[in-house]
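[1] Based on what follows, work out the 3D shape:
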Amino acid sequence: MYKIYEKSIDFGDGKSIVIETGKLARQADGSVLVKMGNTMLLASVVSAKEASENVDFMPLSVEYREKFAAIGRFPGGFMKREARPSDYEILISRLVDRALRPMFPEDYHAETFVNIYLISADKDTMPDALAGLAASAALAVSDIPFNGPVSEVRIARVNGKFIINPSFTQLGEADLDIIVGATYDNILMVEGEMDEVSEQEMLEAIIFAHKEIKKHCKALMELTEEAGKTQKREYCHETNDEELKKLVWDQTYDKIYQIAKSTPGKQDRHNAYDLVKQELIESFTEEEAEEKAIMIDRYFHEVEKQAVRSLILDERIRVDGRKTDEIRPIWCEADYLPAAHGSSLFTRGETQSLTTVTLGTKLDEKVIDEVLIQGTDKFVLHYNFPPFSTGDARPIRGLSRREIGHGNLAHRALKRMIPSDNPYAIRVVSDILESNGSSSMATVCAGTMALMDAGIKVRKPVSGIAMGLITDAETGKYAILSDILGDEDHLGDMDFKVAGTRDGITATQMDIKVDGLSYEILKEALEQARKGRLHILDRILETIPEPRADYKPFVPRLVQITIPKDLIGALIGPGGKVIQKIQEETGSTIIIEEVDNVGVVDVFAVDKSSIDAALEKIMAIVEVPEAGKIYKGIVKSITNFGAFIEILPGKQGLLHISEISWRRLKDVKEELKEGQTVEVKLMEIDPKNGNLRLSRKALLPRPEKKEHQ
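    Coordinates of the predicted model:
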């Protein structure tokens with residue numbers, strides 16, 4: 001028999017999270033079941049007993065997957081089974097990874113796999129906010145070395161009130177949506193989107209979330225005790241040589257410090273570092289160099305890291321010569337690609353994004369078919385990071401998780417600024433041509449310009465900036481860095497990206513790599529980021545101050561009209577014959593859907609004449625007959641008492657024989673024949689049965705009466 005351990009976490013409004021271990025997946029190093037209502041996540045963790053040879057990093061793999069059976073649905077596609085992870089699953093995996101990775105011991109290098117499965121789901125419960133807690137709980141009940149526990153929560157603000165782990169319904173009304181990851185003492189990770197909130201409001205949300213996370217961490221500590229997993233496995237994944245370490249520092253530190261101080265260019269600086277390292281290696285025999293290669297690499301990296309950090313903290317000088325709050329030179333162009341619907345080139349220092357905008361119809365919208373989320377998205381943003389952007393000699397393969405994550409951040413930054421009445425499907429593509437510093441924030445800036453160049457009337461322009469931090473726990477010194485370089489991200493203690501308009505923040509992503517970061521420093525970093533963001537925004541608006549007054553001449557035009565719901569069928573016709581005929585005759589694309597109990601019709605064509613022709617035919621079908629109005633109709637049939645005239649498609653009225661002409665007719669055929677086009681006036685619509693009474697005579701001049709001789 002097995003023993004089950006269980007902990008419950010209450011977070012108000014009658015909601016609670018239950019963590020259970022000891023029943024499922026017992027051959028994993030650690031496994032838990034996390035439940036909130038009908039939603040259940042199974043998290044497991046397995047770590048190799050030994051590190052692979054020559055591995056000098058933490059090989060962590062996090063997979064979050066949602067099972068369609070969890071909500072009683074079949075997967076789409078031909079195979080009808082779960083395939084590669086969706087972008088959404090990858091994004092959640094990244095959020096969990098970013099909270100877990102810094103908490104493993106620096107010298108622990110065994111391959112570690114964390115798997116989180118959604119196995120039961122409730123339609124209105126968001127399971128992704130529980131994934132970080134589930135992963136940390138699995139580690140807490142394992143013997144894997146881990147400096148946790150950690151947890152994650154989603155926090156939303158609805159009608160001015162903060163809500164922990166909101167439902168899908170509540171999130172739809174929120175003006176702030178972030179996921180926060182933290183230990184009991186420190187914030188680790190923040191990511192989310194907002195509707196132009198202030199820096200103070202975002203800080204308040206983070207603090208509110210951390211209070212809840214403390215409750216989670218306390219419960220996990222108690223669970224570790226009860227499950228008897230306080231003793232972690234012993235390991236030895238690094239071999240150290242203090243004499244060699246001192247030799248590397250003595251021979252290279254001063255040289256690296258001077259290079260960092262005097263070589264602003266990225267490639268030149270790294271080439272100079274490589275020469276110092278090569279000189280060091282050549283001081284050993286070939287056998288010694290090969291035997292101690294891993295340790296030499298490790299110690300040399302430590303030298304490089306400390307030299308850059310000391311330069312910044314002691315002399316307030318950055319490796320490219322800037323002040324701590326200085327933004328690199330910016331130059332940009334709009335309408336760079338003459339054949340694109342919208343385009344821009346944004347360059348900040350050694351980071352460059354070439355971004356395009358393409359406008360399409362409803363048929364071009366992204367289809368979303370997740371386990372719990374279905375629908376379409378009319379605004380998408382794709383980010384590409386080719387190897388040549390950093391001077392790497394390697395082939396381009398599949399899309400990386402990093403590219404999906406960076407694209408999602410830029411998408412979040414811009415999406416709330418797309419006007420609600422925009423009729424187009426919009427695709428933004430950012431191709432990073434050069435990178436040394438935040439390319440996701442360059443994508444935000446380039447995306448803003450490309451959207452305005454395409455004629456999209458964005459609510460407000462958006463810019464973005466990446467902030468860094470260097471700290472020294474012993475001296476208490478710290479430096480907040482604006483517009484960080486790649487080196488400063490890699491060797492620093494924080495990577496904090498903030499995007500927003502002049503009036504507030506629209507998206508953020510933060511990773512903190514140091515313990516004990518105070519809220520005061522975080523507040524200072526946010527204010528410095530605001531100033532930098534506005535500086536960048538000014539440069540953007542110098543290039544393109546407002547959206548183009550109109551779309552480019554070659555952009556396909558889209559006109560949207562509404563029609564009564566009961567006329568949708570008439571416009572489509574039997575088997576779609578009517579709508580297909582209009583499209584063939586006018587060269588247009590017509591899309592009809594029912595929204596809020598009315599018919600919404602999108603007419604899309606390459607020129608105005610095609611749209612006008614399609615609209616004329618559509619209006620003829622959906623037009624409601626109006627008494628007193630004159631119509632050109634077709635004689636559909638003739639009887640002995642008059643003719644039936646089709647004044648609008650599918651709408652016929654009676655032209656009585658007495659209303660054909662002023663003269664007395666014995667036979668309708670004296671004036672009319674079937675198929676003839678005739679102008680008539682709608683005299684009356686019978687209120688009882690809707691019959692239409694027409695007159696031709698009313699449009700003819702009345703003959704004068706002849707005087708009697």
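
[2] Residue ranges in the stretch 601-709 of the chain under the pLDDT threshold?
    For the stretch 601-709 of the chain, the stretches with pLDDT under 70 are 705-709.

[3] Now do the strands in the stretch 551-700 of the chain.
    Assigned by DSSP state E, counting those that start in this stretch, the strands in the stretch 551-700 of the chain fall at 557-564, 589-595, 598-605, 630-639, 642-648, 651-656, 677-685, 692-695.

[4] Could you save the ones you listed as TSV and add columns showing distance to residue 80 and mean neighbour count?
    The C-beta positions use only the backbone N, C-alpha and C, and glycine is treated the same way. Formatted as TSV, the strands of the stretch 551-700 of the chain follow (distance: least, CB to CB, whole Å; neighbours: other CB atoms under 10 Å):
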stretch	distance to residue 80	mean neighbour count
strand 557-564	36	16
strand 589-595	27	15
strand 598-605	32	21
strand 630-639	51	15
strand 642-648	47	22
strand 651-656	47	20
strand 677-685	54	17
strand 692-695	53	21
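
[5] Let me have those strands in TSV, extended by distance to residue 126.
    Listed next are the strands of the stretch 551-700 of the chain as TSV, based on distance: least, CB to CB, whole Å:
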stretch	distance to residue 126
strand 557-564	32
strand 589-595	26
strand 598-605	29
strand 630-639	56
strand 642-648	50
strand 651-656	50
strand 677-685	53
strand 692-695	55
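
[6] List just the one of those that sits closest to residue 157.
    Each of the strands of the stretch 551-700 of the chain was scored for nearness to residue 157 using CB to CB, and the closest is strand 589-595 (28.0 Å).

[7] relative to strand 598-605, how tilted is that closest one?
    Strand 589-595 and strand 598-605 are oriented at 160 degrees to each other (axes from the mean of the first three to the mean of the last three CA atoms, to 10 degrees).

[8] Can you name every helix or strand that strand 589-595 contacts?
    Other helices and strands packing on strand 589-595, by 3 or more CB pairs under 8 Å, 6 or more residues apart in numbering; DSSP states H and E, are helix 568-572, helix 577-586, strand 598-605.

[9] For that strand, what is the distance to the chain centroid?
    26 Å (CA atoms, centre = their mean, to the nearest Å).

[10] so where's the longest helix in the chain?
    As assigned by DSSP state H, the longest helix anywhere in the chain is helix 199-226.

[11] Give me the buried stretch members for the very next helix or strand once past it, please.
    Per DSSP states H and E, the first helix or strand lying C-terminal to helix 199-226 is helix 242-262. With burial defined by 16 or more other CB atoms under 10 Å, the residues of helix 242-262 counted as buried are 244-245, 247-249, 252-253, 255-257, 259-261.

[12] re earlier: wait, which of the helices and strands packed on strand 589-595 is closest to residue 46?
    Nearest of the helices and strands packed on strand 589-595 to residue 46, taken as CB to CB: strand 598-605 at 51.1 Å.

[13] related to what we said a few turns ago, any idea of the mean pLDDT for the longest helix of the chain?
    The average pLDDT for helix 199-226 rounds to 95.

[14] Name the residues that touch the helix or strand residue 19 falls within?
    Assigned by DSSP H and E, residue 19 falls within strand 16-21. Residues outside strand 16-21 that contact it (CB atoms under 8 Å, 6 or more residues apart in numbering): 4-11, 30-36, 130, 133-134, 137, 141, 216, 219-220, 223, 227.

[15] which neighbours does it have in its sheet, and in what orientation?
    Partners of strand 16-21 in the sheet, by DSSP bridges, are strand 5-10 (antiparallel), strand 30-36 (antiparallel).

[16] what's the most buried one of the ones you listed?
    The highest mean neighbour count among those, using mean count of other CB atoms under 10 Å, belongs to strand 30-36: a mean of 25.

[17] Which SSE is immediately downstream of that strand?
    strand 39-47.

[18] partner strands of that next one, parallel or antiparallel?
    strand 30-36 (antiparallel), strand 112-120 (antiparallel).

[19] Any buried residues in stretch 10-22, and which?
    11, 17, 19, 20, 21.

[20] And stretch 541-552, by the same measure?
    Per 16+ other CB under 10 Å, stretch 541-552 contains these buried residues: 541, 543, 544, 547, 548, 551, 552.

[21] Can you lay out the residues you listed as CSV showing secondary structure?
    CSV is the format used below for these (DSSP: H, G, I helix; E, B strand; the rest coil):
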residue, secondary structure
541, helix
543, helix
544, coil
547, coil
548, coil
551, coil
552, coil
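
[22] and of those, the nearest to residue 648?
    residue 551 (32.5 Å).

[23] what's the angle from the strand holding residue 19 to helix 199-226?
    Going by the same axes, to 10 degrees, strand 16-21 makes 40 degrees with helix 199-226.

[24] distance between strand 16-21 and the chain's centre?
    31 Å.

[25] Helices of the stretch 401-550 of the chain, start to end?
    401-415, 439-453, 486-491, 519-543 (DSSP state H, counting those that start in this stretch).

[26] so which of those helices comes closest to residue 308?
    Using CB to CB, the helices of the stretch 401-550 of the chain put helix 486-491 closest to residue 308, at 5.1 Å.

[27] Identify the residues contacting the closest one?
    266, 269, 304-305, 308-309, 312, 318-319, 390, 435-438, 466, 468, 470, 481, 495.

[28] Let's see the PyMOL selection covering just the buried ones among these.
    In PyMOL syntax, the buried subset of these is picked out as below (16+ other CB under 10 Å):
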select buried, resi 266+269+304+308+309+312+318+319+390+435+436+437+438+466+468+470+481+495
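
[29] one step back: export the buried residues of helix 242-262 to JSON lines and append columns for distance to residue 337 and pLDDT.
    Formatted as JSON lines, these follow (distance: CB to CB, whole Å; pLDDT from 0 to 100):
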{"residue": "244", "distance to residue 337": "54", "pLDDT": "94"}
{"residue": "245", "distance to residue 337": "52", "pLDDT": "94"}
{"residue": "247", "distance to residue 337": "54", "pLDDT": "95"}
{"residue": "248", "distance to residue 337": "49", "pLDDT": "95"}
{"residue": "249", "distance to residue 337": "50", "pLDDT": "95"}
{"residue": "252", "distance to residue 337": "46", "pLDDT": "96"}
{"residue": "253", "distance to residue 337": "48", "pLDDT": "96"}
{"residue": "255", "distance to residue 337": "45", "pLDDT": "95"}
{"residue": "256", "distance to residue 337": "42", "pLDDT": "95"}
{"residue": "257", "distance to residue 337": "44", "pLDDT": "95"}
{"residue": "259", "distance to residue 337": "39", "pLDDT": "95"}
{"residue": "260", "distance to residue 337": "38", "pLDDT": "93"}
{"residue": "261", "distance to residue 337": "40", "pLDDT": "92"}
